[in-house]
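> quick one, structure for this:
(chains A and B)
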Amino acid sequence: MVIEIKGVKKGVSPVVATVLLVVMVIIIGLIIFLWFRSFTGDALTKFGGRNIELVCGEVQMLVNYDRGEFSITNLGNVPIYSVELKITEGRSHSTESITDLSSKWKENFKLGLRQGQIFSDYTNPLIETIDDADEVLVIPVLIGTSSEGDKTHICDEKNGEELVLN
Amino acid sequence: MAMLRNKKGVSVMIGYILLVVFALSVSVGIYSWLRSYVPGEGLGCPDGVSLYLKSAIYNAGANELTIEIVNNGRFSVAGYFIHMTDDVDAEVPTVDLSDELKDSGVGAQKLGGSVFILSGDGDNSFSPGSESTQVFDTTDTGRPYLVRITPTRQQNVDERQRFVGCGEARTEQVIIAE
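Predicted coordinates:
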């Protein structure tokens, strides 16, 4: 009786079990990787594969506001595609793009502010916006490359330049 | 006893292979994810690049600004960015003067938004110790009160020639009227 039961008892062979294990590990790993990547996003790079967040730290710009004229000088070697102005009025703040505030930027700096270039403007609504503000932080916007093509990237506030208001 | 004899599992060798393959695939995944975060060599000039503005004289009658530049650094440079202001009280030059270079092609020429010095062979032809004089037409820009010079270089970065500005080596000078 015992011998008959032993003969009938069959299962998956060790080779099949190993293959199954490997396939399962790969599939689960792939699922976790794709799920995790959706959180981190596709890495934007610039200058031959360097993460754009690192490149943001290399932006050198001189921002100035003097008697109704706002200027940005690109002193570094990173082209500044655009800038965002974080405007603080009292306890509230808003963020505006320079392209929405200055027609001069839109017309003359479509490709951004290259190294050594200067943008200056004294027209409204840009100047009106700055005059009404208590604090203005100028944050660079760069263009980076990803697997989906070129994309803009707004740098962190720590890479921004505080505008000294007279 | 019979059940004990039939007890089979993954062999030690396959266990090792699985472990190694798993560790390798995890490493490759993490490497490709973090690779872009590895800090590399940024675009910039070497320390020791310096241009000295020997003189900057404005001729009101001729509407001309004449500048004399000396390379007092340790490296050759390609040229410079030049910016000025026509406001006597302004502290930051906001006008690009490179477009107003007179006699472009003789001794220096316009290159993008910069002045490229034609002093010798090579991309960085303005060698240490050399002097160069350029004249700028200020008819359209107004009387210059302050001028700023930022050296530029052709720099080999990642086996590619790149045009870089040396922002750290910029220099400013108040203009004297003749």
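> then the longest strand seen in chain A to PDB, C-alphas only?
Taking DSSP state E as the criterion, chain A has its longest strand at strand A:135-146. Provided in PDB are the C-alpha atoms of strand A:135-146 (Å, rounded to 0.1, in the frame of the first residue of the first chain):
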ATOM      1  CA  GLU A 135      10.400  89.800  -2.400                       C
ATOM      2  CA  VAL A 136      11.200  88.400  -5.900                       C
ATOM      3  CA  LEU A 137      13.200  85.100  -6.400                       C
ATOM      4  CA  VAL A 138      14.400  84.500  -9.900                       C
ATOM      5  CA  ILE A 139      14.500  80.800 -10.700                       C
ATOM      6  CA  PRO A 140      16.200  79.500 -13.800                       C
ATOM      7  CA  VAL A 141      14.400  77.200 -16.300                       C
ATOM      8  CA  LEU A 142      16.600  74.900 -18.400                       C
ATOM      9  CA  ILE A 143      16.100  72.600 -21.300                       C
ATOM     10  CA  GLY A 144      17.100  69.000 -20.900                       C
ATOM     11  CA  THR A 145      17.000  65.800 -22.900                       C
ATOM     12  CA  SER A 146      15.000  62.700 -22.000                       C
END
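> how many other residues sit next to the closest residue in space to residue B:143 that isn't next to it in sequence?
Using CB to CB, 6 or more residues apart in numbering or on different chains and skipping residues adjacent in sequence, the residue nearest residue B:143 is residue B:86, 5.8 Å away. Every residue, glycine included, has its C-beta placed from N, CA and C. By other CB atoms under 10 Å in any protein chain shown, the residues close to residue B:86 number 15.
> roughly how far does residue B:86 sit from residue B:63?
Residue B:86 sits 12 Å away from residue B:63, taking CB to CB, to the nearest Å as the criterion.
> what do you get for residue A:25?
Counting by CB to CB - residue A:25 and residue B:63 are separated by 77 Å.
> residue A:66 now?
Between residue A:66 and residue B:63 the computed distance is 25 Å (CB to CB).
> swap in residue A:113?
Separation of residue A:113 from residue B:63 (CB to CB) stands at 28 Å.
> ok, longest helix in the chain?
Here I'm looking at chain A. helix A:14-40 (DSSP state H).
> that answer is for a different chain, and I need it for chain B
In chain B, assigned by DSSP H, the helix with the most residues is helix B:12-34.
> tell me the helix or strand right after it.
strand B:51-59 (DSSP states H and E).
> that following strand: partners in the sheet, and parallel or antiparallel?
Paired strands of strand B:51-59, with direction, are strand B:64-71 (antiparallel), strand B:176-177 (parallel) (DSSP bridges).
> let's have those in CSV, adding mean pLDDT, mean neighbour count and distance to residue B:44.
Supplementary listing: the strands paired with strand B:51-59 in CSV, determined by pLDDT from 0 to 100; neighbours: other CB atoms under 10 Å in any protein chain shown; distance: least, CB to CB, whole Å:
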stretch, mean pLDDT, mean neighbour count, distance to residue B:44
strand B:64-71, 92, 20, 18
strand B:176-177, 75, 10, 32
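> how far is the longest helix of chain A from where the chain is centred?
Distance of helix A:14-40 from the chain centroid (CA atoms, centre = their mean, to the nearest Å) equals 30 Å.
> ok, stretch A:155-164 next?
Distance of stretch A:155-164 from the chain centroid (CA atoms, centre = their mean) equals 14 Å.
> mean confidence (pLDDT) on it, please.
On average, the pLDDT along stretch A:155-164 is 91.
> now residue A:65: how far from residue A:24?
In terms of CB to CB, residue A:65 sits 62 Å off from residue A:24.
> does residue B:45 touch residue B:155 like I think?
Yes: counting by CB atoms under 8 Å, residue B:45 does reach residue B:155; the two are 6.9 Å apart.
> now do the shared contacts for the two.
Here residue B:45 and residue B:155 share the contacting residues residue B:164, scored by CB atoms under 8 Å, 6 or more residues apart in numbering or on different chains.
> where along chain A do the strands fall?
Listed from the start of the chain, chain A has strands (DSSP E) covering A:45-46, A:50-51, A:61-66, A:69-74, A:82-89, A:92-97, A:118-121, A:135-146, A:149-154, A:161-163.
> in the longest one, what's buried?
Yep, that's strand A:135-146 we're talking about. Neighbour counts over strand A:135-146 (16 or more other CB atoms under 10 Å in any protein chain shown) mark A:136-145 as buried.
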